[in-house]
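Undergrad: Compute the structure for the input listed below.
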Amino acid sequence: ELRIVNCELSFRAKARNPRTSQIVNAKDGFFTSLRSVQNDIVWSVLLSFRAKARNPQKRSGERKIASPPIPTKRQPCPRNAPPMKKRKAALPLLLLVTLFCRPKPKNRQKDALFAIGTDFDGKFDEKKNQVIFALLRKPKNGFTEQKRKTSLFPFMTRTLLLALLLCLSNYGVSLAQGTFRWNSSTGNDWQIGANWFLESGTDDGGNGYPDGNDNALFDGSSPTPGGPLTNIPAWDGNFTINGFTGTVQIGANFECNGTVTLTTGTLQVNSSVNFSAGTLTINGGTLTLNNPGDQHNLGTVSLSSGTFNGPSSGNVGVATITQSGGTFNAGGAQYQFDDVEATSTTPINTTVFDRTGGTFNAGTSSFTVTARTSGSGDRSATATLNTSVATTFNNLIINATNSGSGGTRTRVVAFTGSGIFTIAGTLKREGNLTNVTGTNLEYATGATLVYNLSVNSNPFAEWPASSGPTNVTKQDAN
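TA: Just a heads-up that it's a prediction; the model follows:
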């Protein structure tokens, strides 16, 4: 039995002679709540307190002793115990109690652990607000002694992690993720489990094929599929071709919100692709978009090696393009960069095109760059095209839109870098740009500038003095 002083929910306490029944002075709501407890109620309480045990033979001294032995049977209260107004007999408590004792240089104390399942008999005196605990049964684990100082950190960490997992599960967030490797030379249905092999991790959907957070992999041991892949679900994992030297054809809509990485082999898409929420990384191999009639959304594109082949026509949405190597064949599609939009007073400057190497073939394509401001108050949006090597666009559209009013509002398209941007076909200025900056824009012979004088008659960098356009056309204000 323990004499507890200055009780708190955290149970910082001092323990006196454990061999005799002593008084527990309670000063918090926990013990007060025992007034309403009836017999045979089971408690499941998480308690932790720092305790000091004093040698009952030397009450005037400060000698500290180790945790006392636990009696194996119920200990009666002594005759001189304070009178009890009400007795709570046989009150079982399921306690997880950790006693923390700070080691002292001269009076070493040791830590003791009460295991779950320890039974106590409790008696409560309402008049004196006192409780007596008597240990009825020795725990299975008994006492464990440790020489090091115990910490709550591991327990708190586990508790917080468990709480996080429960919260995520309540919101439908799955933490499972498996990596599936293609394993069939005859099949082509994505959702047939026999076509895949679970390389590592845990299958998110538990259905034998990659979906949800799972990853899909074609590597050196993967056979070439029996035909264009069909029945492909939209999923949030990654798609990787690395080590595979054949051709993977996509015959169904291909939507991946993770990272699509191509290092070897050929990825041939015969339908639409949607990587708008993810990243397309080409480190080698070849990606070809075959179907010009479909809408393609490529998300963030990074090309360091290998080849990108755009469609012969159609629309391609892209967040940004970064090219440090490899070959970018634009084909004849119309590429639309995501709007660079300022929605607050914080200025926004986004580089939508950044080229430092490799080969860029514009073909008959066109690229559209848009700076946009919205909301009320000061707004500043700048869409930047940067190059450190000579870059030629066939057609380039620089555009600006505005919604909202008030404050100073600027919408800028900036040409930057040490390389030269050359317009081979048409540079078309649309919307209400407030400025075009840069000194590295030129026109090829026969190129045309389509200019809207009714919106802003001030010539900017789209009409450079060093190499002006051969033809200038005033476009309709509408």
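
Undergrad: check contacts around Ala252.
TA: Applying C-beta atoms under 8 Å, 6 or more residues apart in numbering to Ala252 gives the contacts 190, 228-232, 271. To be clear about C-beta, it is placed using only N, CA and C from the backbone, and glycine gets the same treatment.

Undergrad: switch to 6 Å and redo it
TA: The contact partners of Ala252, by C-beta atoms under 6 Å, 6 or more residues apart in numbering, come to 230, 232, 271.

Undergrad: ranking those residues by neighbours, who comes first?
TA: The most crowded member of the contacts of Ala252, judged by other C-beta atoms under 10 Å, is Ile232 (22 neighbours).

Undergrad: what about the helices in the stretch 151-300 of the chain?
TA: Applying DSSP state H, counting those that start in this stretch to the stretch 151-300 of the chain gives helices spanning 153-170.

Undergrad: Where does pLDDT dip in it?
TA: By pLDDT under 70, the low-scoring segments of the stretch 151-300 of the chain are 151-175.

Undergrad: again, 80 this time
TA: Counting by pLDDT under 80, the stretch 151-300 of the chain contains low-confidence ranges at 151-176, 292-293.

Undergrad: quick one: buried residues of stretch 360-374?
TA: Buried positions in stretch 360-374, judged by neighbour count with 16 or more other C-beta atoms under 10 Å: 360, 362, 365-374.

Undergrad: Now tabulate those in a markdown table and tack on distance to Gly178 and secondary structure.
TA: Formatted as a markdown table, those follow (distance: C-beta to C-beta, whole Å; DSSP: H, G, I helix; E, B strand; the rest coil):
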| residue | distance to Gly178 | secondary structure |
| --- | --- | --- |
| Phe360 | 38 | strand |
| Ala362 | 41 | coil |
| Ser365 | 39 | coil |
| Ser366 | 42 | strand |
| Phe367 | 39 | strand |
| Thr368 | 40 | strand |
| Val369 | 40 | strand |
| Thr370 | 40 | strand |
| Ala371 | 42 | strand |
| Arg372 | 40 | strand |
| Thr373 | 44 | strand |
| Ser374 | 41 | coil |
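
Undergrad: possible to save the contacts of Ala252 as CSV with distance to Ser403?
TA: Conversion of the contacts of Ala252 to CSV gives the following (distance: C-beta to C-beta, whole Å):
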residue, distance to Ser403
Thr230, 42
Ile232, 37
Ser271, 34
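
Undergrad: and of those residues, the nearest to Asn291?
TA: Within those, the smallest distance to Asn291 is 5.7 Å, found for Ser271 (C-beta to C-beta).

Undergrad: picking that back up, and of the contacts of Ala252, the nearest to Val260?
TA: Here the nearest of the contacts of Ala252 to Val260, counting by C-beta to C-beta, is Ile232; it sits at 12.4 Å.

Undergrad: Tell me who's in contact with the closest one.
TA: Residues touching Ile232, when contacts are defined by C-beta under 6 Å, 6+ apart, comprise 190, 252, 254.

Undergrad: Show me what the residue nearest to Leu433 when sequence neighbours are not counted is bridged to.
TA: With C-beta to C-beta, 6 or more residues apart in numbering as the measure, Ala400 is the residue that lies nearest to Leu433, at 4.1 Å, once sequence neighbours are left out. Ala400 forms beta bridges with Ala371, as assigned by DSSP bridges.

Undergrad: What distance do you get for Ala400 to Ser313?
TA: 26 Å (C-beta to C-beta, to the nearest Å).

Undergrad: So which of these two has more stuff around it?
TA: When Ala400 and Ser313 are compared for neighbours, Ala400 comes out ahead with 27 against 13, by other C-beta under 10 Å.

Undergrad: Quick check, the more buried one in contact with Thr373.
TA: No - here Ala400 does not reach Thr373: they are 8.1 Å apart, not a contact under C-beta atoms under 6 Å.

Undergrad: intersection of neighbour lists for these two?
TA: Residues touching both Ala400 and Thr373 (C-beta under 6 Å, 6+ apart) are Arg411.
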